[in-house]
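# Starting from these lines, generate the structure:
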Amino acid sequence: MLSAFVSAFRTPDLRRKILFTLGLIALYRLGASLPSPGVSYKNVQECVNIVNGGDSAGIYQLINLFSGGALLQLSVFAIGIMPYITASIIIQLLTVVIPRFEELRKEGQAGQNKMTQYTRYLSIALAILQSTGLVALASRGQLLRGCTKPILDDTSIFGMIIIVLVMTAGAALVMWFGEQITERGVGNGMSLLIFAGIAARIPAQGKQIYDSRGLMTTILVGVAAFVVIIGVIFVEQGQRRIPVQYAKRVVGRKMYGGSSTYLPLKVNQAGVIPVIFASSLLYLPNLLAQLTQKSSGNPAKWQELIQKYLVNPTNPAYVTIYFALIVFFTYFYVAITFNPEERADEMKKFGGFIPGYRPGKPTADYLNYVLSRITLPGSLYLGAVAVLPNLLLGIGSGGGGMSSLPFGGTSVLIIVSVGLDTVKQIESQLMNRNYEGFLK
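You can find the predicted model right below:
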């Protein structure tokens, strides 16, 4: 892997892409540390330290993870990439419901550009909604529970509107960063920005567990994280290869086809999307309960239930619901992104077939059968890796202590998946350039 990076930096074109990607990631981390206008930076830092030392953050720990710690600090990039990811998932889900979106998806590049435009509009709307909710919670003192210091210097309507506009503009700029990295850099821009945010928090999380538990516990956590990373890499690389044979056909005076290949079906076909979507869905009830809670008086019954079961990540009810949502969204996302009928029609169009199965519906039924058998262990694997740190945290802390486990399952999933995908893209670009030079 290191040799691939050395060769990449020796290639001028690829070196420019890598440096361009690193430059935008550096700007993203800079914006994640800049406080929004009207936010008391000193009070926010003190409150964040209180949150990291106790269980005050609750459900926000997972959402704060994707922004690299910028969410609870109310920085310029506090909203981060989450609105774009949520909008992308919603647009993909609506493709099944709205026929117009299905037609655009089949129109090729022009339709894809139109879908991207719709995703951008929805991202801005979600950014406005999320930033408004965060500012409202901050003005009430409910964003960082356990902290009595005022987070906002200016709680007037005008001052809060300015903060909302700045956060929305920051979310739009982050979305532009991600698209530029995808088009002109290396790797998937949105995934790399999340990767950078999580990686930036690892040293602080390691110091946190060292200060609270000591050196021996820190070493044990590091060894456990290393073992989990090896297991995640093993499963992420696993795939079921379905053999595909192409019949010979004559076009003019040339003969095409007659080759054999395979159709790779990954064990984890959905990636980390189900984990992200499940965490976002669990975040919404708590946000709604806090926005509707009155400053004085007892909370309603449904608000008490949410506070009891859907706030603490170590609660058995929270873990069970989180695991069930991950399994459900894994099946749902795989069903949307991989259509056995379309794959069977494409193979039939180009003269391909699976040995032992006739082209058309028999091939589609076989692909559906294999996919359903692969998705089950893939969904269980995703759920287990995501909730296992929560179970260990509940057992090890005895109901108290740290509110989040450093190097948690979600972090490992994202870091390993994005890292493998980026390395593969760099190696593929190197291979293309080497083959081009060889042919010349």
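
# show me what contacts F177?
Neighbour list for F177: 24, 27-28, 189, 193 [criterion: Cβ atoms under 8 Å, 6 or more residues apart in numbering]. All C-beta atoms are positioned from the backbone trio N, CA, C, and that covers glycine.

# And the strands in the stretch 301-440 of the chain?
In the stretch 301-440 of the chain, the strands defined using DSSP state E, counting those that start in this stretch lie at 352-353.

# which stretches of it form helices?
Ranges of helices in the stretch 301-440 of the chain, per DSSP state H, counting those that start in this stretch, are 301-309, 316-337, 340-349, 361-397, 409-439.

# hmm, back to that, pick out the most distant pair among the contacts of F177.
Within the contacts of F177, L27 and G189 form the most distant pair, 12.5 Å apart (Cβ to Cβ).

# Of the two, which one has the most company?
Counted by other Cβ atoms under 10 Å, L27 and G189 do not tie: G189 has more neighbours, with 26 against 14.

# neighbours of F9, just the number please.
With neighbours defined by other Cβ under 10 Å, the count for F9 comes to 11.

# Same question for the one 3 residues further on.
Taking other Cβ under 10 Å as the criterion, the count of residues near P12 is 8.

# got the phi/psi numbers for it?
The phi/psi pair for P12 (degrees, to the nearest 10) reads phi -60, psi -50.

# so where does L220 fall, helix or strand?
Following DSSP states H and E, one finds L220 within helix 215-237.

# Name the residues of that helix that are buried.
Under the neighbour-count criterion of 16 or more other Cβ atoms under 10 Å, helix 215-237 has 218, 221, 225, 228-229, 232, 235-236 buried.

# Next SSE downstream of that helix?
strand 239-246.

# so where is the stretch 201-350 of the chain shaky, pLDDT-wise?
The stretch 201-350 of the chain contains residues with pLDDT under 70 at 249-258, 287, 290-291, 293-299, 312.

# would you list the contacts of F177 in CSV and tack on secondary structure and pLDDT?
Shown next, in CSV, are the contacts of F177 (DSSP: H, G, I helix; E, B strand; the rest coil; pLDDT from 0 to 100):
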residue, secondary structure, pLDDT
L24, helix, 92
L27, helix, 92
Y28, helix, 90
G189, helix, 86
L193, helix, 87
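
# Just give me the closest of the residues you listed to Q92.
Nearest to Q92 among those, with distances taken as Cβ to Cβ, is G189, at 17.5 Å.

# my guess is the closest one contacts M175, does it?
No - with contact defined as Cβ atoms under 8 Å, G189 does not count as touching M175 (9.1 Å).

# mind checking how far Q303 is from S139?
Distance of Q303 to S139, computed by Cβ to Cβ, to the nearest Å: 19 Å.

# For the residue lying closest to Y118 once chain neighbours are set aside, what is the enclosing helix or strand?
Once flanking residues are discounted, Y118 sits nearest to I91: 6.0 Å by Cβ to Cβ, 6 or more residues apart in numbering. Element membership of I91 [criterion: DSSP H and E] is helix 82-97.

# Between helix 316-337 and that helix, find me the angle.
Here helix 82-97 runs at an angle of 60 degrees relative to helix 316-337 (axes from the mean of the first three to the mean of the last three Cα atoms, to 10 degrees).
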